[in-house]
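> Sequence and predicted structure, then a few things I'm wondering about:
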Amino acid sequence: MLYLDVLPISSEGRLSVLRSVVFLSVYLCLRSASAVPTKQDDPPAVRMVVTGAPSLVFDSIRDGCDHYDTPDAPARAFRDLSATTHFFSSSLVNRQSVGSDLQHLKHSCRIAFNGAHNADPSAYNDYGWLASFYPVGNDVYALVHNEYHGHEHSRLCRSGRYEQCWENAITSAVSHDGGIRFQAHTGSSGLVAALPYKYAGDRAGPIGYFSPSNIVRLNNFYYVLFSVIDRVRGGRSGVCVARTQNLDNAQSWQAWDGTSFRRAFSDPYTTDAERLDRQTCVPVGNGSLLFSLGSVLWSNIANTFVLTMRLQNWDHKQVGERTGIYYATSKDLVHWSERMQLLADTPDGTTGEPQLYPSVLDPTSTDPAYSTVGTAALLFTVTRAGAHDNNATRLWTWMISVGARCGTILLQPAKQVGCR
């Protein structure tokens, strides 16, 4: 996936390092052209504070099933019909941990999902990371961070360069056995969001829709946030939001178009070019949101959405900001507060690497996809060590307190975590 202010020495070795350097240079150019400074004056409606040292959940050297078994995406979880918790921090080979709750998990070597490495870009089935889940009965619907690696298919990528031939989309998958195995919906039937251009091979850098958040439900709609880089028309980049009422229909997702949720996505291989010119989403957040998304949850104590994300070295920084994990809040997923830091890089108690892939999960959430948060929760992060530490990738948890901001909602949790 996409954490780029460090060189991720993972199981993919040189490829992971290369994609980090390349994506950094591409995104820097786009940010300089299209970033909008944060203008929101309101602080977040909640206050989150880390309350203790981290605990190690997974070590790729100690616990991994093979060299592909490394946490490479924000943590996600859901419950099946038997109330068993399924936990993912996906990689290009997707495995899960299973247990009675978030704090009693056992890692499984069974592969839950894997991209088919199909060389046809119209199939949208090359490499896939399971990124978002929502269970409905015994079915579990998933969104996939879908990468097409054109450099591995020389007929379509003359340069043979990874960075110039990478295109991204969001696709769908489903499990009919409670979340044990997932099957991809391929082609148009499984396409959630793609830019309105057929694959063109060599471009100046990666383009597409990236890294969907978890799915959150509110008022009979399912919502998801995701990042976009469109280098073809004006260099637009940012964070988009989409929603649907039917998880079983990948094409039913509609994005915010600047005034409402009416922007549909179409398959560039089956839709005429004139219509495709209109099929792009409008980024939200006015500069508050960051490209490297984590989780979005509904706060039961403040009646607001809470988004976690990571500030990279290449992001537009406000005065005094440091790289690390931030959060912001919103009532409608379109208009967002200013962002606030939750955890700075290299805090005491870890091995010193930057904290990647932030995701907040509340063990007491009654939502089947853990998409709500109360007054306390777990923050999951990933670190990637270098050669000095066997290139280990580690998943950590941190206890955090969540309270309503003082002066907004006078609840006891606010006294526990302090006020601005």
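Alright, I've got the coordinates.

> Isn't residue 334 up against residue 282?
No - taking contacts as CB atoms under 8 Å, residue 334 lies outside contact range of residue 282: 9.4 Å. (C-beta placed from N, C-alpha, C; glycine too.)

> tell me, what's touching these two both at once?
The contact sets of residue 334 and residue 282 overlap at residue 256 (CB atoms under 8 Å, 6 or more residues apart in numbering).

> ok now stretch 226-237, how far from the chain's centre?
Remark: stretch 226-237 is offset 17 Å from the chain centroid, using CA atoms, centre = their mean, to the nearest Å.

> Over to stretch 248-263?
Distance, centroid of stretch 248-263 to centroid of chain: 19 Å (CA atoms, centre = their mean).

> That one: which residues count as buried?
Buried residues in stretch 248-263, counted by 16 or more other CB atoms under 10 Å: 250-256, 261, 263.

> Residue 56 versus residue 84, what's the distance?
For residue 84, the distance to residue 56 equals 23 Å [CB to CB, to the nearest Å].

> Check residue 195 too.
Using CB to CB, residue 195 is found at 39 Å from residue 56.

> Quick check on the two: which one has the bigger neighbour count.
residue 195 (24 against 14; other CB atoms under 10 Å).

> Next, work out how far apart the more buried one and residue 402 are.
36 Å.

> export the buried residues of stretch 248-263 to TSV and tack on distance to residue 77?
TSV is the format used below for those (distance: CB to CB, whole Å):
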residue	distance to residue 77
250	22
251	27
252	24
253	22
254	26
255	25
256	27
261	26
263	30
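
> Low-confidence stretches in the stretch 101-250 of the chain?
The stretch 101-250 of the chain contains residues with pLDDT under 70 at 234-235.

> swap the cut-off to 80 and go again
154, 186-188, 233-236 (pLDDT under 80).

> Can you show me the strands along it?
Taking DSSP state E, counting those that start in this stretch as the test, the strands found in the stretch 101-250 of the chain are 104-107, 113-114, 127-136, 139-149, 166-175, 183-185, 191-193, 207-210, 216-218, 221-230, 236-244.

> Angles on the backbone of residue 62, please.
Per-residue torsions, residue 62: phi -80, psi -40 (degrees, to the nearest 10).

> Tell me how many other residues surround it.
The number of residues near residue 62, taken as other CB under 10 Å, comes to 10.

> residues near the nearest residue to it once chain neighbours are set aside, how many?
Counting by CB to CB, 6 or more residues apart in numbering, residue 392 is the residue found nearest to residue 62 once chain neighbours are left out, at 8.0 Å. Look at residue 392: counted by other CB under 10 Å, it has 20 neighbours.

> Over to residue 308?
By other CB under 10 Å, 29 other residues sit near residue 308.

> for it, what are its contacts?
294-296, 325-327, 342, 358-360, 379.

> Quickly find the element holding it.
strand 304-311 (DSSP states H and E).

> how much does that strand deviate in direction from strand 221-230?
For strand 304-311 against strand 221-230, the angle by axes from the mean of the first three to the mean of the last three CA atoms, to 10 degrees is 30 degrees.

> and the angle for strand 304-311 with strand 236-244?
150 degrees.

> TSV for the buried residues of stretch 248-263, including distance to residue 354 and secondary structure?
Shown next, in TSV, are the buried residues of stretch 248-263 (distance: CB to CB, whole Å; DSSP: H, G, I helix; E, B strand; the rest coil):
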residue	distance to residue 354	secondary structure
250	34	helix
251	37	helix
252	37	helix
253	32	coil
254	35	strand
255	30	strand
256	31	strand
261	34	strand
263	34	strand
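
> Which members of these are the farthest-apart pair?
250 and 256 (18.1 Å; CB to CB).

> circling back: so what strands line up beside the strand holding residue 308?
Note on strand 304-311: by DSSP bridges, its sheet partners are strand 292-299 (antiparallel), strand 324-330 (antiparallel).

> Average pLDDT for that strand, rounded please.
Averaged across strand 304-311, the pLDDT comes to 97.

> Could you export that strand as CSV, keeping only the C-alpha atoms?
The C-alpha trace of strand 304-311 is given here as CSV (Å, rounded to 0.1, in the frame of the first residue of the first chain):
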residue,chain,number,x,y,z
THR,A,304,-19.7,13.2,15.0
PHE,A,305,-17.4,11.3,12.6
VAL,A,306,-13.8,10.9,13.7
LEU,A,307,-11.1,10.3,11.1
THR,A,308,-7.5,9.2,11.8
MET,A,309,-4.8,9.8,9.2
ARG,A,310,-1.0,10.2,8.9
LEU,A,311,0.9,13.4,8.3
